[in-house]
Structure formats: structure tokens, C-alpha cells
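Participant: Predicted structure and sequence below. I'll ask about it afterward.
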Amino acid sequence: MRIAQKQQAEELVKQIEEAHNQVRNYIEQKNIQLAAALLEDCQNGGIAMGTLIEETEGENHPTVAVLEDYCETIYRVHKELAEKSEISAAKIQKLLRQKLIKVENSLKNDVVIRREVVFIPYKASMWDSLESVWKAADADPECDAYVIPIPYYDKNPDGSFREVHYEGGLYPDYVPITKYDAYDFENRKPDMIYIHNPYDERNLVTSVHPFFYSPNLKRLTNKLVYISYYILGEIEPDNEEAVKGMGRFCAVPAVVNADKVIVQSEKMRQIYINVMSETMGEDTRKIWEEKILGLGSPKVDKVLDTRKESLKVPDEWLKVIEKPDGSWKKIVFYNTSVSGLLVHDEKMLQKILSVLEIFKKNQDEMTLLWRPHPLIQATIESMRPQLWNMYKEIVERYREEGWGIYDESADMDRAVALSDAYYGDASSVVQLYRKTGKMIMMQNIERNSQ
């Protein structure tokens with residue numbers, strides 16, 4: 001039984017007890033008709049409670065039997081009122097109270113509270129920011145966990161919605177998916193909702209469906225929890241210069257509207273608290289201190305749990321990874337970011353061409369695993385449409401030549417585990433890659449040979 005349902009049942013018990021007191025008053029006042037009518041209301045309340053418990057706990061639940069005994073007692077008292085001219089109001093109240101205490105005790109001891117927890121990802125490639133929390137909830141025998149991927153839209157340069165995407169079919173096989181239109185949020189009102197989308201309508205490139213903006217989700221649950229889909233570089237909370245740029249990560253709708261916010265570390269927690277207190281007013285500091293928790297990122301859990309030896313490597317990847325003797329080449333994870341493209345425009349595209357040429361020449365010893373940011377196409381089309389044709393030609397040529405890997409799958413952790421080194425832009429992927437202890441090399445956009 002859900003928490004809200006049990007609270008509803010407990011409140012009904014209190015109302016029935018008050019009704020018992022009034023039944024005694026009516027009997028003492030010789031107003032048998034009103035006493036009988038109120039007893040019928042008590043019986044209906046017991047039946048409603050029993051129906052609720054049957055629906056949530058099953059027909060053979062012990063509390064149902066106790067409620068049936070209570071309702072049978074109500075029936076006998078009702079009949080006695082109709083047949084006898086003299087009856088002890090105190091004895092009736094005591095009898096009803098004894099039966100109701102049994103109901104109250106059974107409700108308290110025999111009805112187990114089950115939590116209903118909903119996880120709402122939108123990009124399948126960002127599922128790792130929620131997965132370890134979902135696994136813990138799914139393993140809890142007293143918790144019902146639902147994974148409900150939601151649709152999202154690309155945006156036009158003017159902010160209007162363009163194509164709609166739904167990636168419910170891209171999640172790992174072991175993750176049971178519930179369709180967003182098959183779950184009644186309004187009536188079910190889950191105990192907790194987890195999200196990883198921070199921006200709501202403020203995202204310039206994409207937007208989840210407005211129904212799933214954080215203010216509306218907060219209305220539909222007892223507790224809204226936001227976990228960031230990115231990991232930031234660790235900085236000291238007292239480094240004012242470094243903290244200046246944190247507002248765009250901290251002061252976002254999800255942080256404002258969520259009941260709890262989980263960030264990657266205690267240092268990052270303090271930064272969030274400081275930034276939000278400065279943004280919203282120093283008198284709000286206690287709110288952020290209670291709301292923001294430095295419990296760590298599930299993305300790190302996922303990366304560290306992914307083992308190279310357990311990966312299922314696609315056959316087309318193996319063709320460019322394996323040497324003639326069966327050994328593997330060194331695999332370099334090449335990451336190109338959204339910010340790199342937005343800052344450097346055509347210069348970024350020239351850098352990509354230069355990098356591809358270098359790795360092509362060394363393909364006998366190294367395999368390039370190019371994995372661009374999953375929103376890079378939507379970003380170009382929305383914010384740099386003049387670059388799209390050139391970028392598209394670069395990608396198509398690289399894929400046609402077939403000497404490297406182009407990874408546009410939802411599984412970023414596979415690329416991290418499979419590769420031997422990282423090369424590319426500064427991004428949250430770098431922070432994850434550091435956890436592996438493998439080599440990291442940052443590309444210099446200003447130099448086409450580095």
C-alpha cells in the first residue's frame with residue numbers, strides 16, 4: 001500500500017472513532033434513527049477501507065478479515081437498536097471501540113507501506129545519471145520503481161519546437177520501460193520522481209514535453225529529486241574566479257523546484273549552496289543547505305561498474321579494432337563537444353578534419369572511436385545552421401571510409417570502458433574518464449596538428 005493510501009485509511013479510522021462517540025450521544029438522547037444512520041456510515045467506511053486494502057494487498061490480507069468482523073459487529077448493533085427499546089450506549093461504544101482498535105492495530109502492523117518511485121529520463125545516453133539509483137530502488141522489495149522515458153523536441157532558432165524524439169527503445173534490455181502515456185501521473189501521484197533534465201523551457205537546443213517541466217512534476221509527487229546528467233570539474237568553493245561561471249549549472253529550474261538535489265561531491269554541494277544563496281538571497285541559504293546533498297554521481301557508479309571484458313563489442317567495430325594476429329590496437333576515445341563547436345565554429349570543423357587525417361594515417365596501430373556529444377546535431381541545426389552541411393559531409397565521409405568507429409549509441413560507458421585513452425574537448429566526459437585512471441589528452445583547437 002502506498003503511503004498516501006495508508007494515511008487515508010488511518011484518517012478514516014479516526015473519523016469512525018469520532019462517529020462512535022456521536023452514536024453514543026444519539027442513543028443517550030433516544031435518537032435511534034440518527035444513531036442507526038451513523039452506524040451505516042461507519043459500516044460503509046469499513047467496507048471502503050476493506051476494498052482499498054483488497055485492491056492493494058490482496059483479498060486474503062489479515063486486515064480485511066478484521067474489517068469484516070468490524071462490519072459484522074456494526075450490523076448486529078444496528079439490528080439490536082431496531083429490536084430493543086432499552087440499550088446501553090456505553091456498552092455499544094465500548095464494543096465498537098474494541099473492534100476498531102483491532103482494525104487500527106492490524107492496519108499499523110500488517111499493512112506494509114510500498115513506495116512508488118518514477119525515473120524520468122529523456123535522452124537514453126544520459127540514463128547513466130540515474131541508473132544506479134534505479135537499481136537500488138528496483139532491488140528494494142518494498143518499492144515499485146518505474147522507468148518512464150519521455151519525449152523531447154529539437155528547437156528551431158526562434159525557440160519553437162521542431163521534430164519530436166522518443167528513445168524508449170534504446171535503453172538496456174534489463175531496464176523495463178513504461179510508456180509515458182500509459183502511466184497516470186495525475187491519479188497515481190508517485191511518492192518520488194527522479195529527473196536529470198535541469199533546464200525546462202530554458203534549453204536553447206532541445207526541450208522535453210512541457211508536461212514534464214519541473215514545476216508540474218513537483219505538483220504530481222511528494223518528492224521531486226534532481227540529479228545532474230553532467231559531471232563538472234572539481235573546484236574549491238573559495239575560488240571565486242572559478243565559481244563565477246557556475247551559475248548556469250546551479251541556478252536552473254530543476255534546482256529551484258526540486259525537493260532534493262544530488263550533486264557529485266561535498267565541495268560541489270557547497271558551491272551550489274553559495275551560488276544559489278547569492279542568486280536567490282542570503283536569507284535562503286538554509287533552504288539550499290537542506291535541499292542539496294553531496295552524495296556523488298550515479299554516472300561514476302556506472303563507469304566503474306562497466307568492465308571491458310564483459311562488453312559486447314559490435315562485429316563492425318571488431319573489424320577495425322583487431323590486428324591480423326588477433327590482438328587489439330590501442331583505442332582512442334575521441335570526444336567532440338557542443339561548446340567547442342559553438343565557440344570555434346568552422347575552426348572546430350577544420351580541427352576535426354585534421355584529427356581524422358592523423359588517425360587515418362596511424363590506423364594500423366590505433367583505432368579512433370569518435371563519439372560526438374549526443375545533442376551536437378540538434379545544436380548545429382538550432383544555433384549554427386550554416387555549419388550543418390559541412391559537418392554532415394565530414395561524418396558521412398568518415399563512416400564511408402570505415403577505418404574508424406563512429407559511436408552514436410546511447411551507451412557512453414561502453415566507449416569509456418573499451419578505450420585505452422581519451423582525446424578531445426573539455427567536457428563532463430573528462431571528469432568521468434579521470435575515474436578510470438587512463439590517459440587523457442586535451443585537443444587544442446588553435447592547432448591542427450595537436
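Facilitator: Alright, I've got the coordinates. Numbers count the residues shown, from 1 in each chain.

Participant: and Glu86, how far is that from Tyr26?
Facilitator: 15 Å (CB to CB, to the nearest Å). From N, CA and C alone the C-beta is placed, and that goes for glycine too.

Participant: So for those two, which sits in the more crowded spot?
Facilitator: Tyr26 (19 against 4; other CB atoms under 10 Å).

Participant: most centrally placed residue in this structure?
Facilitator: Tyr194 (2.8 Å; CA atoms, centre = their mean).

Participant: quick one: which helix or strand includes that one?
Facilitator: Following DSSP states H and E, one finds Tyr194 within strand 192-195.

Participant: Can you name every helix or strand that that strand contacts?
Facilitator: Judged by 3 or more CB pairs under 8 Å, 6 or more residues apart in numbering; DSSP states H and E, strand 192-195 is in contact with strand 115-120, helix 214-219, strand 223-227.

Participant: Can I get those in a markdown table including distance to Ala37 and mean pLDDT?
Facilitator: Formatted as a markdown table, the helices and strands packed on strand 192-195 follow (distance: least, CB to CB, whole Å; pLDDT from 0 to 100):
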| stretch | distance to Ala37 | mean pLDDT |
| --- | --- | --- |
| strand 115-120 | 37 | 96 |
| helix 214-219 | 38 | 97 |
| strand 223-227 | 41 | 97 |
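
Participant: Now render the ones you listed as CSV, adding distance to Asp420.
Facilitator: Shown next, in CSV, are the helices and strands packed on strand 192-195 (distance: least, CB to CB, whole Å):
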stretch, distance to Asp420
strand 115-120, 32
helix 214-219, 39
strand 223-227, 29
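
Participant: helix, strand or coil for the nearest residue to Asn156 once chain neighbours are set aside?
Facilitator: Nearest non-adjacent residue to Asn156, counting by CB to CB, 6 or more residues apart in numbering: Arg162, 5.3 Å away. Following DSSP: H, G, I helix; E, B strand; the rest coil, we place Arg162 in the strand state.

Participant: returning to that earlier point: my read: the residue nearest to the centre of the chain touches Glu131, true?
Facilitator: No. With contacts counted by CB atoms under 8 Å, Tyr194 stays clear of Glu131, the gap being 10.6 Å.

Participant: Assign a three-state SS to the residue sitting furthest away from the middle of the chain, would you?
Facilitator: Here the chain has its C-alpha centre computed as a mean, and the residue farthest from that point, by CA atoms, centre = their mean, is Ser85 with 63.4 Å. Counting by three-state DSSP, the backbone at Ser85 sits in coil.

Participant: State the distance from it to Ile27.
Facilitator: In terms of CB to CB, Ser85 sits 12 Å off from Ile27.

Participant: repeat for Lys291
Facilitator: 53 Å.

Participant: give the contact list for Pro157.
Facilitator: Ser382, Met383, Pro385 (CB atoms under 8 Å, 6 or more residues apart in numbering).

Participant: Then Asp413?
Facilitator: Going by CB under 8 Å, 6+ apart, Asp413 touches Asp128, Lys302, Val303, Thr306.

Participant: and the residues you listed, which two are the farthest apart?
Facilitator: Across those, no pair lies farther apart than Asp128 and Thr306, at 9.0 Å, counting by CB to CB.

Participant: who has more neighbours, these two?
Facilitator: Using other CB under 10 Å, the more surrounded residue of Asp128 and Thr306 is Asp128, with 26 against 19.

Participant: Spatially nearest residue to that one (excluding sequence neighbours)?
Facilitator: Asp128 sits nearest to Lys302 (CB to CB, 6+ apart), 4.0 Å away.

Participant: ok, the one you found - how many residues close by?
Facilitator: 22.

Participant: Quick check: which element contains it?
Facilitator: Going by DSSP H and E, Lys302 is part of helix 298-305.

Participant: list the buried ones in that helix?
Facilitator: Pro298, Lys299, Val300, Asp301, Lys302, Val303 (16 or more other CB atoms under 10 Å).

Participant: repeat for stretch 69-87
Facilitator: For stretch 69-87, by 16+ other CB under 10 Å, it's Tyr70, Cys71, Thr73, Ile74, Val77, His78, Leu81.

Participant: how's this structure carved up into domains?
Facilitator: The record assigns the chain these domain ranges, following automatic domain parsing: 3-110, 115-301, 308-442.

Participant: how long is the second one end to end?
Facilitator: What that stands for is domain 115-301. 24 Å (CA to CA, to the nearest Å).

Participant: other SSEs contacting the helix or strand of the chain with the lowest mean pLDDT?
Facilitator: Each helix and strand of the chain was given a mean pLDDT (mean pLDDT, DSSP states H and E); the minimum falls on helix 240-243 at a mean of 83. Counting contacts by 3+ CB pairs under 8 Å, 6+ apart, helix 240-243 packs against helix 266-280.
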